[in-house]
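Student: Sharing a model prediction with you, sequence too.
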Amino acid sequence: MLARQKCLALALAALCSNACAEHADLSLTPAQKKKVEAAVVTAAEAKPQKTTDAVIEDQVRLIGYDLDRTEVAAGEAVTITYYLEALAEPMGDNMIFVHLEGNRSDKRAWMNLDHHPVEGLMPLRQLKKGQVVKDTQRIVIKPDFPGGEAKIYWGLWRGETRLKITNADKVGHDKEGRVHVATLTVKGGAKSAALPTATAMRLPAGQSPKMDGKLDEAAWQQAPYTEAFVSPSGSADTAGLQKTRARFLWDDTALYVAVESADTDIWSTFTERDSNTWEQEVIELFLDPDGDKNDYLELQVTPSNVVFDAKFVTHRSDLAVARAWNMAGFKSAVSVDGTVNVRDDLDVGYVLELAVPFAETPGLKNTPPKSGDEWRVNLFRWDAPKGGKQIAQAFSPPVVPDFHALDRFGRLKFVDPSAAPSLPSAALSLPAGAPSLPVGATSSPAVVK
């Protein structure tokens, strides 16, 4: 079914004229517009340290690149700037792939760094013929990346197809058709930290929770918490983190997720579905049940109960296409102990409750899941207190600066009630002077269906 849908989408794209907008590109802020403008240079200004001159079909020429270092330790960063020239207008809906690859026999020696130019702000399809762009990418080497030689490969892909190198006889490349850009010497790090595991308890028939954000059903009281979310870097430093943790239930139709967040300043000004909710305060849920790193979901809900839902075909595939998808049957509710968007008072926190239908979730081994099944999942929280910078937290820290680091997703194990531990519903830890957040505290929760 999915393959037929992809074929249909490609056929429709081919038929579209200027009146048929296939993509709804994001509106840029003034600061983002300046960043994009600064990245566009003239051909005379494009003077890379190393010349590549790789032509990808009739679409893009990789003129060359700058590299700030060739030796780097695991956990450190290296910055590379690619100089790209657009050869076609209009261009196809291409995306850049970048692979950092060491010893192929070691799964740790791999990083997927696909992206659109200029930190995702300038999709290739927007380039004008002859336009030259400086695309700077900062790569933080995974802490567990093994030591040795690692190569940076570059190219373009569209849909399910990797575009070919037109002048392959003049360009360094591998047998897979990837341009060999540069080689790094990596000082290896430690082995990967164990991924966290959460437990989803099965509900008795006919006892699905009411979507109101109150969590006053007995099943929620018995469902075990995850550990408190931590820094996405994996650091043990909890400074500035307001306590966040989650619980899970399931029945024959849906996965139910509850996230409890202590928050002394609750706010979010977004009102429209599929807004850039990650720019303010939000809870994010990622689902890749079979762990194949394809067809995964990103579901976000703000304290004001505004939803962002997206389905990605592959790692960070086209955002406009992903966000155009809406999850049928998805429900969310938020209960707030405090006042949303009143910045001068002291709030306590908010509770988010979600119902994710199995029928709309790709990659399921069993529908519904069976006791003992495991999914790959991750959750994040963005917190932005008044007067402070935006702070992120993670259920399973990606370590690298990418919330879509699919290999770092944690595990969710489905169990029946007799197998699940019964844990007390403890109050959240709050800053000094703030009252505890009672389960079920609410201020007229809204529900999205």
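Tutor: Nice, I can see it. Numbering: from 1, shown residues only.

Student: Kindly state the domain boundaries assigned to the chain.
Tutor: What automatic domain parsing lists as the domains of the chain is 39-187, 197-448.

Student: Flag whichever of these has the least confidence on average.
Tutor: With a mean of 88, domain 197-448 has the lowest mean pLDDT of the domains of the chain.

Student: What residues of stretch 166-186 count as buried?
Tutor: Buried residues in stretch 166-186, defined by neighbour count with 16 or more other Cβ atoms under 10 Å: Thr166, Val171, His173, Arg178, Val179, Val181, Ala182, Leu184, Val186. From N, CA and C alone the C-beta is placed, and that goes for glycine too.

Student: In strands only, show me those residues.
Tutor: Val179, Val181, Ala182, Leu184, Val186 (DSSP state E).

Student: excluding its backbone neighbours, what's nearest the last one?
Tutor: Okay, so that is Val186. Closest residue in space to Val186, ignoring its immediate chain neighbours: Ala150 at 5.0 Å, by Cβ to Cβ, 6 or more residues apart in numbering.

Student: looking at this, the one you found is in a strand?
Tutor: Yes. Judged by DSSP: H, G, I helix; E, B strand; the rest coil, Ala150 forms part of a strand.

Student: Isn't it up against Leu100?
Tutor: Yes. Ala150 lies in contact with Leu100 (Cβ atoms under 8 Å); the separation is 5.6 Å.

Student: intersection of neighbour lists for the two?
Tutor: Residues touching both Ala150 and Leu100 (Cβ atoms under 8 Å, 6 or more residues apart in numbering): Leu184.

Student: how near is the residue sitting nearest the centre point of the chain to Asp290?
Tutor: In the chain, the residue lying closest to the centroid (Cα atoms, centre = their mean) is His404, at 3.5 Å. Distance check for His404 against Asp290: by Cβ to Cβ, to the nearest Å, it reads 16 Å.

Student: now swap in Lys129 and tell me
Tutor: Taking Cβ to Cβ, one finds Lys129 at 41 Å from Asp290.

Student: So those two - more neighbours on which side?
Tutor: Applying other Cβ atoms under 10 Å to Lys129 and Asp290 shows that Asp290 carries more neighbours, namely 15 against 11.

Student: Return the residues in contact with that one.
Tutor: Contacts of Asp290 by Cβ under 8 Å, 6+ apart are Gly363, Leu364, Lys365, Trp375, Arg376.

Student: if I look at the closest residue to Glu360 other than its chain neighbours, how far off is Val351?
Tutor: Counting by Cβ to Cβ, 6+ apart, Glu360 lies nearest to Met327, which is 5.0 Å off, once chain neighbours are set aside. Here the criterion is Cβ to Cβ. By it, Met327 lies 21 Å from Val351.

Student: So if I had to pick from the two, which one is more boxed in?
Tutor: Between Met327 and Val351, counted using other Cβ under 10 Å, Val351 has the larger neighbour count: 27 against 17.

Student: My guess is the more buried one contacts Met211. True?
Tutor: No. Using Cβ under 8 Å, Val351 makes no contact with Met211, being 11.7 Å away.

Student: Overlap in contacts, these two.
Tutor: Common neighbours of Val351 and Met211 (Cβ under 8 Å, 6+ apart) do not exist.

Student: of the contacts of Asp290, buried ones?
Tutor: Gly363, Trp375, Arg376.

Student: Include distance to Lys413 and secondary structure when you put the residues you listed into JSON lines, please.
Tutor: JSON lines is the format used below for the buried ones among the contacts of Asp290 (distance: Cβ to Cβ, whole Å; DSSP: H, G, I helix; E, B strand; the rest coil):
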{"residue": "Gly363", "distance to Lys413": "16", "secondary structure": "coil"}
{"residue": "Trp375", "distance to Lys413": "8", "secondary structure": "strand"}
{"residue": "Arg376", "distance to Lys413": "11", "secondary structure": "strand"}
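
Student: Which of the residues you listed sits closest to Phe286?
Tutor: Arg376 (8.5 Å; Cβ to Cβ).

Student: That closest one against Arg411, yeah?
Tutor: Yes. Contact between Arg376 and Arg411 holds when scored by Cβ under 8 Å: they sit 6.4 Å apart.

Student: number of nearby residues for Glu217?
Tutor: 18.

Student: so what's it closest to, chain neighbours aside?
Tutor: Pro209 (4.9 Å).

Student: so what's the one you found up against?
Tutor: The contact partners of Pro209, by Cβ under 8 Å, 6+ apart, come to Leu203, Leu215, Glu217, Ala219, Trp220, Leu249, Tyr256, Glu353, Ala355.

Student: try Gln59
Tutor: Gln59 neighbours (Cβ under 8 Å, 6+ apart): Ala86, Leu87, Ala88, Met91, Gly92, Asn94, Leu124, Leu156, Leu163.
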